[in-house]
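Asks: Sequence and computational prediction follow.
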Amino acid sequence: MNKFLKYMSIFTALVLVSGGIWFFLTYYEGEKPVIVISEALDLIGQEKTLNITCTDKKCGLRHIKVTITQDGKQHILDTVDFSQRRIAKHTMTLEINPRKLDLHDGKATFDILAVDYSLRKNKNIMNLNVTIDTIPPQIYPVSSSHNINPGGSCITVYKIPEKISTTSVYVNGDHFPAYPVKLSGKLYYICYFAIPTNAVNKNIKLGIMARDKAGNISTISIPFHIRNKTFQKDNIYISQNFLERKIPEFRKMNDKLKGGTLLESFIYINEKLRADNFETIQSVCQKTEGKQLWRGAFLRMKNAATMAKFGDKRTYYYKGKKISKSIHLGVDLASTKNALIEASNSGTVVFCGYLGIYGNTIIIDHGLGLFSFYAHLGMINVKKGQPVEKGEPIGQSDTTGLSGGDHLHFGIFVGNRFADPQEWWDPHWIRDNVERKKEQGSRLKAQG
């Protein structure tokens, strides 16, 4: 009995000691809470949204306070007190508006305090020196007017004196990236952009957007005039023979086409696969050389007849019934079977391979968001990443993809849209719409 009591006493003492140690380690620990902000914070513009996450995995969070101080005056942005222990993590979203807080442009201090539930009340204080900048960037266009064809390309040149994070030209909901260039030693921005085929003056909103490093945004409209232009309407009759020849090619490359009828497969290819292919092209063309790689007018395929034009509105029929539609986004050029295809201008190959409805395809980057596009090829004689010169052989024409006969589908891709290639074959158009606008920037530099 005495031994039992002795063991119980020892056991009780061990439990009490262990409990004391646990209590001490848990509630008297000295580890500070962790503070993480969603992004580096050195500039605050007209509006700033910021996520702040505080973590304490031991005792849990007790108190969080966020303030901004300028000229000795403190503004509380948010404060949280936790009545319960063991709240290990908390994220707060702050929307900072300097004008509502009566802050002026200039220096300020951004402070975050986090306290835990330890008996020591461990605290972590993050002090950040920030600059309030609520003045949006100024945009100074070089070109005073733009005469544009529906489905055509356009270029604009402009100047932004301060450093910015991003700038683009918007055409309705589309944004076309602009790129910094040196003109007579001075920094300007240049943007190639495309106009929709259905554009008329009343349905287009066209302008320049710039966002500075503080997040302030400026927009200005671009003066323009959309010329009148109509596009051809084509009725294309799909035969059973065409379906039997073409659909197996696509079924080998796409498991989604292995079920259903040949006609159902064609409709899927012409609509869903066409849209998927366009997204692939946009993805490929997101990266571009930051300088102009091309010189002079683009080359048109030699001794080739035009079989279809850019912007043709196609309606497909099968056994007299309308089954699908599309808009042709290139120019079809036909010569002899397996005709030699040359690079239309100097650049770098960014894609070569099979691309759905386009079959074997090559895409060449000419810099600053301008690309040329070669589809329905047979043999491809270049590799991705390879530089090519204007007129250099790159492949042969064929019937791959959704093609009814041997030809080249040639396209021009501007920013993130296809545009009419015929403009780029015309040296007068390039002189009036590209070179002169850059010269205007050079002249402004000389005058200033």
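Replies: That came through fine. Residues are numbered from 1 along each chain as shown.
Asks: I'd assumed residue 122 was in contact with residue 31.
Replies: Yes. Between residue 31 and residue 122 there is a contact under CB atoms under 8 Å: 6.3 Å. In this view, the C-beta of every residue, glycine as well, is placed from N, C-alpha and C.
Asks: which neighbours do the two share?
Replies: Common contacts of residue 31 and residue 122, defined by CB atoms under 8 Å, 6 or more residues apart in numbering, comprise 56, 116.
Asks: When those two are compared, which one has more neighbours?
Replies: A direct count of neighbours by other CB atoms under 10 Å for residue 31 and residue 122 places residue 122 higher, at 19 against 14.
Asks: Quick check: the more buried one vs residue 115, distance?
Replies: Distance, residue 122 to residue 115, using CB to CB, to the nearest Å: 7 Å.
Asks: shared neighbours of those two, which are they?
Replies: Joint contacts of residue 122 and residue 115 (CB under 8 Å, 6+ apart) are residue 33.
Asks: can you tell me the helix or strand for the most centrally placed residue in the chain?
Replies: The centroid of the chain falls nearest to residue 286 when counting by CA atoms, centre = their mean (6.4 Å). Applying DSSP states H and E as the criterion places residue 286 outside every helix and strand.
Asks: got a list of what it touches?
Replies: Residues near residue 286 by CB under 8 Å, 6+ apart: residue 416.
Asks: Outline the domain layout of this structure.
Replies: 34-132, 140-229+431-447, 233-415 (automatic domain parsing).
Asks: hey, least reliable of those domains by pLDDT?
Replies: Within the domains of the chain, the stretch with the lowest mean pLDDT is domain 140-229+431-447, showing a mean of 89.
Asks: So what's the gap between it and the chain middle?
Replies: Relative to the chain's own centre, domain 140-229+431-447 is displaced by 18 Å; criterion: CA atoms, centre = their mean, to the nearest Å.
Asks: how about the domains of the chain in TSV, adding distance to residue 423?
Replies: Output for those, formatted as TSV (distance: least, CB to CB, whole Å):
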stretch	distance to residue 423
domain 34-132	39
domain 140-229+431-447	6
domain 233-415	8
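Asks: out of those, nearest to residue 422?
Replies: Residue 422 sits nearest to domain 233-415 of all those, at 6.9 Å, using CB to CB.
Asks: So what's the gap between the closest one and the chain middle?
Replies: 23 Å.
Asks: Report the separation between residue 207 and residue 331.
Replies: Taken as CB to CB, the span from residue 207 to residue 331 is 30 Å.
Asks: Those two: who's more crowded?
Replies: residue 331 (25 against 18).
Asks: List the contacts of the more buried one.
Replies: 306, 308-310, 409-411, 421-422.
Asks: Residue 372 now?
Replies: Residues in contact with residue 372 (CB under 8 Å, 6+ apart) are 298, 343-345, 347, 363-364, 366, 410-413.
Asks: Among those, which lie within strands?
Replies: The strands in this structure, assigned by DSSP state E, contain 347, 363-364, 410-413 from the contacts of residue 372.
Asks: Pipe the contacts of residue 372 into JSON lines and attach distance to residue 98 and neighbour count per row.
Replies: Shown next, in JSON lines, are these (distance: CB to CB, whole Å; neighbours: other CB atoms under 10 Å):
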{"residue": "298", "distance to residue 98": "49", "neighbour count": "22"}
{"residue": "343", "distance to residue 98": "52", "neighbour count": "25"}
{"residue": "344", "distance to residue 98": "51", "neighbour count": "26"}
{"residue": "345", "distance to residue 98": "48", "neighbour count": "21"}
{"residue": "347", "distance to residue 98": "46", "neighbour count": "25"}
{"residue": "363", "distance to residue 98": "45", "neighbour count": "25"}
{"residue": "364", "distance to residue 98": "47", "neighbour count": "27"}
{"residue": "366", "distance to residue 98": "43", "neighbour count": "26"}
{"residue": "410", "distance to residue 98": "52", "neighbour count": "25"}
{"residue": "411", "distance to residue 98": "47", "neighbour count": "23"}
{"residue": "412", "distance to residue 98": "45", "neighbour count": "28"}
{"residue": "413", "distance to residue 98": "41", "neighbour count": "26"}
